[in-house]
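Asker: Build the 3D model from these lines:
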Amino acid sequence: MPSRYNHFLRDGDRWLGANLLSGAVMNLRDDDCALVHRLLAMKVRPRQLPERVLYDMLVKSRFLVPADSDETAYLKQLFAVGKQCRVGFSLGLVVTLACNFRCVYCYQDHRRAIMGTDVQDAVMALLRKALPGKEHFTASWFGGEPLLKPRVITDLGRRMIQLCDSLGVNYDCVLTTNGYLLTRANIAMLAAGRVSHIQITLDGPRELHDVTRHLQDGSGTYEVIMANLGNLVRTLPEVPITIRCNITASSMAAGEHAWSRLLSDLEPYRRSVSLTICPAIPSRTSNAHCISKSQFGDFYGHVSTMMEERGFRVASDGPSPGAVSCGAIPRLNWLIGPTGHVSKCTVGADETDGYLGRLGPDGTIDLSAEAARWLNFSPFRLKKCRECSVLPLCMGGCVIVPFDDPHVDRCDIKTNVLMYVKSNLPRKEVIDMTVPQFNLERVEKALEQSATEYYTSLFVQAGIPKDVASKAAMVCATNKCKGPGFQPGGQALQALVTT
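Answerer: As a prediction, the model looks like this:
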């Protein structure tokens, strides 16, 4: 029967077929799409060879599933594994709430809170309890701007590395920074701290970026960040770098030519960076410069295509099928604020929202009643999610966004499913029937040739002269492979050998 997670989407002069659970994608012409739908409606496997080839592809790609399969139950198992996360542990560490930027869309209140030694000691007490028996640990440095306080990153990072090494736990270090303070000294500090990934934000070329991401006095930041990026790539060439581009209403209106200028500036670092394009999502404090994700789809398609055509990697910010929708969902992932405030989401990092508890000196987290909202979250508790055809990708969406939010579309994947299929879906298997090489008649001829060679070898082994065996094999392959006699040892083969 057809999978409940099949989608067939018009994309210009073709159709894009996708199964959101398997990640399989098909590029289809109109007549091919009609054929696929006819095969999906069949109750039994077709006997004719060309249709049977495509039918088997649909089965392998999970567009067709057994009638007794429970895809939702399978998704539920995947979600449970991701949520429990028994092999790993992650902490987001907000070094400081202070920031040297004043970005127009920022949702944080930049108070001058700094993570002191008491909170650092409490973090280590927590890790000494949590890490034994784990395979890996990820420390993610956030702010504010974390590089305002490199000493905290140095001191706490060194202690975490020593603990992980003593326990045989793999250590990963991720830094999210505005890039302005990536000085040579700070780059050396990050190298010593085993940084494994860095995210920097550039909101387009200089004339766009400097409008949205400027210093407190309004000064531009683009040129400094680009110079720092060059030093970073030369010093740490093996460290993956993600350039995040937040799209505002003005940058979207600037068009593709403006974004082409950004790519020209990034060209020297093309092999070292990947790009991710995200809408600057409205919040309670900043709406004027932001766009909704429903406005974002077409722009994303054009710009991401341009980036890929120029040889840049466009990173997906979408989840893998069946994965938890956000790093805040796993039970063992926490965000520790500079004063010991515990939350799940970076939106609550400023300690005025998202309060879920406090980290005690002994490493115990004293949780509030609000924590249950996160710890008990499951999309399968919500009928709207449980019955949704995009559930494998969305998995319930953002926990903090109400379904009826006037600004943020919690169901943005469903709203923009074509964009997500084209840009974010891990393409585990692609069937492209729009290219000249993919033709069912050609597939049939190729299989007939393969069958002919198979039967020739079989007949020769049975003692039949090669010239006779070749003719007999050709008859068997071309006339009998379309019916049940195609199976080796079938009645047609036996009759032919006997003759």
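
Asker: only C-alpha atoms for contact and neighbour calcs from this point on.
Answerer: Noted.

Asker: my guess is Leu148 contacts Leu181, does it?
Answerer: Yes - with contact defined as Cα atoms under 8 Å, Leu148 counts as touching Leu181 (7.4 Å).

Asker: which residue packs closest to Leu97, ignoring adjacent ones?
Answerer: Gly144 (4.2 Å; Cα to Cα, 6 or more residues apart in numbering).

Asker: how near is the one you found to Ile161?
Answerer: According to Cα to Cα, to the nearest Å, Gly144 and Ile161 sit 23 Å apart.

Asker: Please identify which of the two sits among more neighbours.
Answerer: Gly144 (27 against 20; other Cα atoms under 10 Å).

Asker: what bridges to Thr276?
Answerer: Arg244 (DSSP bridges).

Asker: ah, wrong one, I meant Leu16
Answerer: Bridge pairing for Leu16 - DSSP bridges - gives Leu9, Asn27.

Asker: where does the stretch 251-400 of the chain have low pLDDT?
Answerer: 281-288, 292-294, 297, 316-320, 348-354 (pLDDT under 70).

Asker: what about Val123, which helix or strand?
Answerer: Using DSSP states H and E, the element containing Val123 is helix 117-130.

Asker: In that helix, which residues are buried?
Answerer: Val119, Gln120, Asp121, Ala122, Val123, Met124, Ala125, Leu126, Leu127, Arg128, Ala130 (16 or more other Cα atoms under 10 Å).

Asker: And those, which is closest to Asn186?
Answerer: Gln120 (20.0 Å; Cα to Cα).

Asker: The closest one contacts Thr154, correct?
Answerer: No - the pair Gln120 / Thr154 is not scored as a contact, 11.5 Å apart, by Cα under 8 Å.

Asker: rewinding a little: the next helix or strand after the helix holding Val123 vs helix 117-130, what angle?
Answerer: Going down the chain from helix 117-130, the next helix or strand is strand 136-142, by DSSP H and E. Put simply, strand 136-142 runs at 160 degrees to helix 117-130, going by axes from the mean of the first three to the mean of the last three Cα atoms, to 10 degrees.

Asker: so what does strand 136-142 touch, helix or strand wise?
Answerer: strand 88-94, strand 170-177 (3 or more Cα pairs under 8 Å, 6 or more residues apart in numbering; DSSP states H and E).

Asker: Quick check: mean pLDDT of that strand?
Answerer: Here strand 136-142 scores 95 as its mean pLDDT.

Asker: In a strand, Met226, correct?
Answerer: No - counting by DSSP: H, G, I helix; E, B strand; the rest coil, Met226 falls outside a strand, being helix.

Asker: just use 8 as the starting number from now, easier for me
Answerer: All set: I'll call the first residue 8, so the last point we hit is now Met233.

Asker: Next, count neighbours for it.
Answerer: Met233 has 17 nearby residues by other Cα under 10 Å.

Asker: Could you report the pLDDT at it?
Answerer: Reported pLDDT for Met233: 98.

Asker: OK, contacts around it?
Answerer: By Cα atoms under 8 Å, 6 or more residues apart in numbering, no residues touch Met233.

Asker: again, but for the one 4 residues further on
Answerer: By Cα under 8 Å, 6+ apart, Gly237 lies in contact with Tyr276.

Asker: Which helix or strand contains it?
Answerer: helix 229-242.

Asker: buried ones in that helix?
Answerer: For helix 229-242, by 16+ other Cα under 10 Å, it's Tyr229, Ile232, Met233, Asn235, Leu236, Asn238, Leu239, Val240.

Asker: How far off centre is that helix?
Answerer: 26 Å (Cα atoms, centre = their mean, to the nearest Å).

Asker: what do you get for stretch 233-249?
Answerer: 23 Å.

Asker: Repeat that for stretch 111-121.
Answerer: 28 Å.

Asker: gap between the two ends of it?
Answerer: 23 Å.

Asker: okay, the helices and strands packed on strand 143-149, which one's buried deepest?
Answerer: strand 95-101 (a mean of 23; mean count of other Cα atoms under 10 Å).

Asker: got the angle for it vs helix 124-137?
Answerer: Using the same axes, to 10 degrees: strand 95-101 against helix 124-137 is 170 degrees.

Asker: Residues contacting strand 95-101, please?
Answerer: 122, 137-138, 141-151, 153, 339-345, 356.

Asker: Trp266 in helix, strand or coil?
Answerer: Going by three-state DSSP, the state assigned to Trp266 is helix.

Asker: Skipping adjacent residues, who's closest to it in space?
Answerer: Trp266's closest residue in space is Gly211 (Cα to Cα, 6+ apart), at 5.9 Å.

Asker: Quick check: the gap between the one you found and Pro368.
Answerer: Distance from Gly211 to Pro368, by Cα to Cα: 43 Å.

Asker: now Pro153
Answerer: Applying Cα to Cα to Pro153 and Pro368 gives a distance of 23 Å.

Asker: Among the two, which residue is more densely surrounded?
Answerer: Between Pro153 and Pro368, counted using other Cα under 10 Å, the more crowded position is Pro153 (25 against 17).

Asker: got the phi/psi numbers for the more buried one?
Answerer: Note on Pro153: its backbone torsions stand at phi -60, psi -30 [degrees, to the nearest 10].

Asker: Quick check: it touching Asn185?
Answerer: No - under the criterion of Cα under 8 Å, Pro153 is not in contact with Asn185, lying 9.1 Å apart.

Asker: what's the closest non-adjacent residue to Glu263?
Answerer: In space, Glu263 is closest to Val310, 6.4 Å off (Cα to Cα, 6+ apart).

Asker: Checking the one you found next. Helix, strand or coil?
Answerer: Quick answer, by three-state DSSP: Val310 is helix.

Asker: Could you give the number of residues near it?
Answerer: 19.

Asker: hang on, isn't it packed against Arg268?
Answerer: No - the criterion here is Cα under 8 Å, and Val310 misses it with Arg268 at 12.0 Å.

Asker: Tell me the one of the buried residues of helix 229-242 nearest Val475?
Answerer: Val240 (66.6 Å).

Asker: rewinding a little: wait, what's in contact with the residue nearest to Trp266?
Answerer: Counting by Cα under 8 Å, 6+ apart, Gly211 has contacts Cys252, Ser258, Ala265, Trp266, Leu269.

Asker: Sweet, I'm off.
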